[in-house]
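Peer 1: The sequence and its predicted three-dimensional model are supplied below.
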Amino acid sequence: MEFGIFVQGYVPASRSRSDPMAEHHALMEEAAYVVEADRSGFKYAWASEHHFLDEYSHLSANDVFLGYLAHATERIHLGSGIFNPLPQVNHPAKVAEKAAMLDHLSRGRFEFGTGRGAGSHEILGFLPGATSMDVTREIWEETIAEFPRMWRQEEYEGFTGRHWSLPPRKILPKPYGPSHPAMWYAAGSPSSYAMAARKGLGVLGFSVQKVADMEWVVDSYKTAVKDARPVGDYVNDNVMVTTTAICAPTHAEAVRIAAGGGLHYLQSLLFRYHDTFPRPEGIPRWPELLPEYTEEIIELLIAEELMVCGDPDEVLRQCERWERAGADQLAFGLPIGVPYEDTMTTIRLIGEHVIPKIDTDPVHRTTRLRQAAGAAPGHS
């Protein structure tokens, strides 16, 4: 199992009230987390693209963010988690150009994750005539297979669909090195996992809440991926899942940090905006908030495998549970209201004590898949 981190530009109101530069500081701190993760042996960093989601995510221009990180890092792969390719949000030709440009700036370290957006508040802002998110699946499915064609064809032959069109044009630059960046899809439901697998896409499992959820995720994905007809050059057989992680020298310190991190507020914001996610029983409607997490609640969340938290030995055992459950990559949502130095400690301790004992392959899994596709007979 490989490891990553996930950043999103989280700027809670409590931080803004005490710091007039809170937005700037949050974005720069999250860039620093990625740089430290690179030094600490993490293989992936994922940056969100969200619009209009006050407090929850101010990381709207992740192509710019990742361009900066391409120069600031050396080994870590930089992923769009996600780029939204709906033409009403970002024209597909421009998305293809940005992905290829990031691939060059990072020398082949870019990971191309796409999806349909967080929920109605975000996406219907770009689709003023729509009344639900249902139409976005049709638009995304119409678009996704065009990216490899834009990258492969010397002159893209053009496209005419129901939702967008483009005459024949040269889409530049072409990706760096062999083949093209690994392609991923942000999936939530079992049908979405199977659909991604059939298209040969890796899955960004942002909606997986705990280890027990992995069973249906892996079953639906790994069964369907056997019969994949990839839209790109190769099948990216990968399931990534996200969870919260806090690691400290002692268990008591980790629990104390978690209890003071405002996790309840982040979760309340998540369900405020992500109205396409399954809503667990007991989640209140915004602006009502979940109760603050006490140390007793944190202990319960650890016991229920809803977060990774503890000293290095405990965090190692918790990550091994995710590996046994079938996750190909475990990405940690780190900047969750926890102080900067405590987050840096989490990254360093996991890099020193956890990653070397689980991820023993020096080569990224997606690099192997991409290189094999580039070396295949007949590949142009």
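Peer 2: All right, it came through fine.
Peer 1: C-alpha only now, for contacts and for neighbours.
Peer 2: Fine.
Peer 1: Touching the longest helix along the chain from outside, list them.
Peer 2: Taking DSSP state H as the criterion, the chain has its longest helix at helix 22-39. For helix 22-39, the external contacting residues (CA atoms under 8 Å, 6 or more residues apart in numbering) are 5, 7, 9-11, 15-16, 45, 58-59, 65, 69, 72-76, 335, 340, 343-344, 347-348, 351.
Peer 1: Just these: which are in helices?
Peer 2: 15, 16, 65, 69, 72, 340, 343, 344, 347, 348, 351.
Peer 1: Just the buried residues of these.
Peer 2: Burial by neighbour count, 16 or more other CA atoms under 10 Å: within the ones in helices among the contacts of helix 22-39 this picks out 15, 65, 69, 340, 343, 344, 347, 348, 351.
Peer 1: okay, residue 210: pLDDT?
Peer 2: For residue 210, the pLDDT comes out at 90.
Peer 1: Report how many residues lie close to it.
Peer 2: Neighbourhood size, residue 210 [other CA atoms under 10 Å]: 18.
Peer 1: next one: the one 5 residues further on
Peer 2: Residue 215 has 12 neighbours, counted by other CA under 10 Å.
Peer 1: so who does it touch?
Peer 2: 325, 326.
Peer 1: Now whatever helix or strand it lives in: buried residues?
Peer 2: Secondary-structure element containing residue 215, defined by DSSP states H and E: helix 214-225. The neighbour-count check on helix 214-225 (16+ other CA under 10 Å) flags 214, 217, 218, 220, 221, 222, 224, 225 as buried.
Peer 1: where does residue 330 land in three-state SS?
Peer 2: Using DSSP: H, G, I helix; E, B strand; the rest coil, the structure places residue 330 in strand.
Peer 1: got the contact list for it?
Peer 2: Contact partners of residue 330, counting by CA under 8 Å, 6+ apart, are 1, 2, 3, 4, 240, 241, 242, 243, 319, 322.
Peer 1: Looking at those residues, which are in strands?
Peer 2: Counting by DSSP state E, the part of the contacts of residue 330 found in strands is 2, 3, 4, 240, 241, 242, 243.
Peer 1: Per-residue pLDDT of residue 65, please?
Peer 2: Note on residue 65: pLDDT of 98.
Peer 1: Now do the helices in the stretch 101-250 of the chain.
Peer 2: With helices called from DSSP state H, counting those that start in this stretch, the stretch 101-250 of the chain shows them at 120-123, 134-144, 146-152, 190-198, 214-225.
Peer 1: which of the ones in strands among the contacts of residue 330 lies closest to residue 251?
Peer 2: For the ones in strands among the contacts of residue 330, the residue nearest residue 251 by CA to CA is residue 243; the value is 18.0 Å.
Peer 1: What's opposite the closest residue to the closest one other than its chain neighbours in the beta bridge?
Peer 2: In this structure, residue 243 finds its nearest non-sequential neighbour in residue 332, 5.2 Å apart by CA to CA, 6 or more residues apart in numbering. Counting by DSSP bridges, residue 332 is bridged to residue 5, residue 243.
Peer 1: Give me the distance between residue 332 and residue 188.
Peer 2: Per CA to CA, to the nearest Å, residue 332 is found 17 Å from residue 188.
Peer 1: Compare neighbour counts for these two and give me the winner.
Peer 2: residue 332 (22 against 18).
Peer 1: Look up how far residue 240 lies from that one.
Peer 2: 10 Å.
Peer 1: Give me the neighbour count for residue 357.
Peer 2: The number of residues near residue 357, taken as other CA under 10 Å, comes to 11.
Peer 1: name the helices or strands packed onto whatever helix or strand it lives in?
Peer 2: Here residue 357 sits within helix 355-358, counting by DSSP H and E. With contacts taken as 3 or more CA pairs under 8 Å, 6 or more residues apart in numbering; DSSP states H and E, helix 355-358 sits against strand 2-7.
Peer 1: go again using 10 Å as the cut-off
Peer 2: Identification of packing neighbours for helix 355-358 by 3 or more CA pairs under 10 Å, 6 or more residues apart in numbering; DSSP states H and E yields strand 2-7, helix 312-325, helix 340-353.
Peer 1: Could you point out the helix or strand that follows that helix?
Peer 2: helix 365-375.
Peer 1: what's that next one in contact with?
Peer 2: 1-2, 43, 77, 108-111, 177-183, 202, 232-238, 328-329, 379-380 (CA atoms under 10 Å, 6 or more residues apart in numbering).
Peer 1: Can you flag the buried ones in the residues you listed?
Peer 2: Buried members of the contacts of helix 365-375, counted by 16+ other CA under 10 Å: 1-2, 43, 77, 108-111, 178-183, 202, 232-238, 328-329.
Peer 1: Where strands are concerned, which of those count?
Peer 2: Among those, the members found in strands (DSSP E) are 2, 77, 110, 111, 183, 202, 329.
Peer 1: returning to that earlier point: which residues are common contacts for residue 332 and residue 240?
Peer 2: Residues touching both residue 332 and residue 240 (CA under 10 Å, 6+ apart) are 3, 4.
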